[in-house]
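Chemist: Generate coordinates for the sequence data below:
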Amino acid sequence: MAKKPENAAQPQYKVEYREIQPYGTLKRLPLALEDNARKQSVDILNQVLADTMTLRDMYKKHHWQMSGATFYQLHLLLDEHYKIQSALVDTIAERIMALGGISIAMPHDVIELTKIPRPPKGREDVPTQLARLLEAHEIVLRECHEGADAADESGDDGTNDLLVSDVIRANEPQVWFIAEHLAETELVRDDR
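Modeler: As a prediction, the model looks like this:
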């Protein structure tokens, strides 16, 4: 019987770091899609991903920093929207990888790519928070409409379906829910 080395259970954590696929390249996969269609979709999806990650994080920021008469309702609503955006992030990133591309993943990459204006570190009032979320949604939705059209034209039905069925259909009701909180209504009415 061969004797096992004394350090056999010791993790070998000191390895030489190496990249196995550079960002911006495509792995060859038998997807029945032209490389230019896959590259276009990966680029579109990485932009949507960066903006969806930013929107997701804005939801969590505003969830934590919410205040005022509607605190409880908005605190819960924003957390629910955060969870939906988190699921979209995973779905979009996995589609990029399934196309043979590389999805962005780190905060500094998101910051470089996002089109959503950065909110301040400080706390803002409720109308400002909600208006920022609506602006971010509009950016994402515009990208999705344009991206879905481009994916359709290039024959990438999977990306078109993801953008329409997942991202657009998740963002539109969130816009509705957030926008309704900005409707000018009274909390109390004096009917005297």
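Chemist: per-residue confidence at the spatially most central residue of the chain?
Modeler: For the chain, the residue nearest the mean C-alpha position is residue 52 (2.3 Å; C-alpha atoms, centre = their mean). The score at residue 52 is 98. That number is its pLDDT.
Chemist: my guess is residue 95 meets residue 157, correct?
Modeler: No. Using C-beta atoms under 8 Å, residue 95 is not in contact with residue 157, being 11.9 Å away. For glycine as for every other residue, the C-beta is placed from the backbone atoms N, C-alpha and C.
Chemist: Of these two, give the one with the bigger neighbour count.
Modeler: Using other C-beta atoms under 10 Å, the more surrounded residue of residue 95 and residue 157 is residue 95, with 23 against 11.
Chemist: Reduced to three states, what does that one come out as?
Modeler: Classification of residue 95 using DSSP: H, G, I helix; E, B strand; the rest coil returns helix.
Chemist: so who does it touch?
Modeler: If you count contacts by C-beta atoms under 8 Å, 6 or more residues apart in numbering, residue 95 has them with 45, 158, 159, 162.
Chemist: From the residues you listed, which land in helices?
Modeler: 45, 158, 159 (DSSP state H).
Chemist: Go through those and say which is closest to residue 180.
Modeler: residue 45 (29.8 Å; C-beta to C-beta).
Chemist: Neighbours of the residue lying closest to the closest one once chain neighbours are set aside, how many?
Modeler: If the residues on either side of it in the chain are set aside, residue 45 comes closest to residue 96, at 4.9 Å by C-beta to C-beta, 6 or more residues apart in numbering. Neighbourhood size, residue 96 [other C-beta under 10 Å]: 22.
Chemist: What score does residue 96 have for pLDDT?
Modeler: With respect to pLDDT, residue 96 scores 98.
Chemist: So residue 78 is in contact with residue 63, correct?
Modeler: Yes. Contact criterion C-beta under 8 Å: residue 78 and residue 63 qualify, at 3.9 Å.
Chemist: Those two: which is more packed in?
Modeler: Neighbours per residue, other C-beta under 10 Å: of residue 78 and residue 63, the larger number sits with residue 78, 25 against 18.
Chemist: what secondary structure does that one sit in?
Modeler: The assignment at residue 78 comes out as helix when based on three-state DSSP.
Chemist: go on, the one 10 residues further on?
Modeler: Following three-state DSSP, we place residue 88 in the helix state.
Chemist: Likewise for residue 15?
Modeler: coil.
Chemist: That one - how many residues pack around it?
Modeler: Residue 15, neighbours per other C-beta under 10 Å, totals 6.
Chemist: in the protein, which spans are helices?
Modeler: Assigned by DSSP H, the chain shows helices spanning 35-65, 71-98, 107-113, 126-154, 157-161, 169-180.
Chemist: neighbouring contacts of the third one?
Modeler: Defining contact as C-beta under 8 Å, 6+ apart, one finds that helix 107-113 is touched by 46, 47, 50, 53, 54, 104, 118.
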